[in-house]
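1. sequence unknown, structure follows:
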Ligand SMILES: Cc1cc2nc3c(=O)[nH]c(=O)nc-3n(C[C@H](O)[C@H](O)[C@H](O)COP(=O)(O)OP(=O)(O)OC[C@H]3O[C@@H](n4cnc5c(N)ncnc54)[C@H](O)[C@@H]3O)c2cc1C
Ligand code: FES
């Protein structure tokens with residue numbers, strides 16, 4: 001784990017309200033895995049006091065650059081949006097447990113709701129590296145309120161995957177949410193590996209659709225303070241099959257969990 005001030009090499013708007021920040025971070029780029037996150041200090045002052053968790057959206061190991069894709073949600077991310085190329089940002093990471101990677105040939109479904117695409121983008125890059133050009137068995141489902149609000153859609157398409165889109169307002173692709181879309185496209189037959197990230201209602205409805213799927217993995221969002229398992233602010237409830245629920249730290253035991261182990265009700 002690294003705690004460093006890293007030089008910003010890029011901080012640009014990708015769609016309204018969403019930005020991509022690149023950090024010069026050779027060691028971090030080598031160490032980061034898809035689904036892991038960085039705990040970012042958004043200001044030089046004590047306001048806001050707490051770091052903000054942002055997923056690693058891509059680790060370019062050749063160039064030594066780590067990217068974060070973020071939605072401007074409040075004070076912390078507003079401050080991040082003001083950071084300029086050449087400035088430094090204080091980052092702790094990579095933190096948490098990420099997604100487990102599929103083996104070449106596994107059928108894969110990837111579902112991202114809104115900014116949930118952020119960790120999945122890195123995962124898709126890794127899947128592309130494993131599968132090479134033969135990505136027929138990989139289906140990607142991305143959704144948002146409107147078509148123009150789906151971040152990095154063109155970039156995901158450029159990776160060569162079959163990408164299906166869902167929008168709440170029907171402005172692009174399926175009218176509805178990504179889980180309904182995946183149900184329709186896959187006809188209820190989910191592949192060996194399912195990966196998701198998105199708002200809690202999306203994860204709940206995916207859990208209902210998938211039932212006891214043994215290998216579905218989702219990234220959970222919780223408010224965080226320490227980011228390393230020391231403060232209890234990010235607790236969620238998990239249950240190994242047939243056992244009583246117990247508490248887990250999203251920051252340390254997750255953020256990626258097997259969907260069937262989570263108590264999402
Ligand atoms: C493991 C993890 C990875 C994440 N990855 C990304 C990412 O790649 N890109 C991205 O844009 N966002 C990501 N988030 C969410 C991001 O951390 C919050 O949007 C951010 O902390 C908001 O900070 P703020 O100061 O801008 O807004 P605040 O003023 O703190 O909050 C604005 C709104 O967002 C809600 N919120 C704040 N923090 C969280 C949180 N952790 N989970 C859910 N809701 C929250 C608040 O309740 C409030 O309604 C991630 C969260 C987690 C836990
Ligand atoms: S954020 Fe402190 S325990 Fe998870």
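-> Cool, got the structure. Everything numeric here is computed off the predicted structure, so don't read it as measured data. Ligands and ions are numbered 1, 2, ... in the order given.

2. do you know the pLDDT at residue 45?
-> pLDDT recorded at residue 45 is 86.

3. tell me how far it lies from ligand 2.
-> 21 Å (CB to the nearest ligand atom, to the nearest Å). The way it works is simple: take the backbone N, C-alpha and C, and place the C-beta from them, glycine included.

4. spell out which parts of the chain neighbour ligand 2.
-> When proximity is defined as CB under 6 Å from any ligand atom, the chain approaches ligand 2 at 224, 225, 226, 227, 229, 230, 231, 232, 233, 234, 249, 251.

5. do that again at 5 Å, thanks
-> Residues of the chain lying close to ligand 2 (CB under 5 Å from any ligand atom) are 224, 225, 226, 229, 231, 233, 234, 249, 251.

6. out of those residues, who's the most crowded?
-> The residue in the residues of the chain next to ligand 2 with the most neighbours, by other CB atoms under 10 Å, is residue 251 (26 neighbours).

7. rewinding a little: so which of the residues of the chain next to ligand 2 sit within helices?
-> Within these, no residue falls in helices by DSSP state H.

8. TSV for the residues you listed, including pLDDT?
-> Converted to TSV, the residues of the chain next to ligand 2 look like this (pLDDT from 0 to 100):
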residue	pLDDT
224	97
225	97
226	96
229	96
231	94
233	95
234	97
249	97
251	98
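
9. and which of these is nearest to ligand 1?
-> residue 224 (5.6 Å; CB to the nearest ligand atom).

10. and the nearest residue to residue 131 once chain neighbours are set aside, how far is that from residue 132?
-> Once flanking residues are discounted, residue 131 sits nearest to residue 104: 5.6 Å by CB to CB, 6 or more residues apart in numbering. Look at residue 104 and residue 132: by CB to CB, to the nearest Å, they are 8 Å apart.

11. as TSV, the residues of the chain next to ligand 2 with distance to residue 50 would be great.
-> As requested, those are arranged in TSV below (distance: CB to CB, whole Å):
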residue	distance to residue 50
224	7
225	5
226	9
229	15
231	10
233	9
234	11
249	16
251	12
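
12. which of those fall in strands?
-> residue 249 (DSSP state E).

13. no further queries at this time; thank you.
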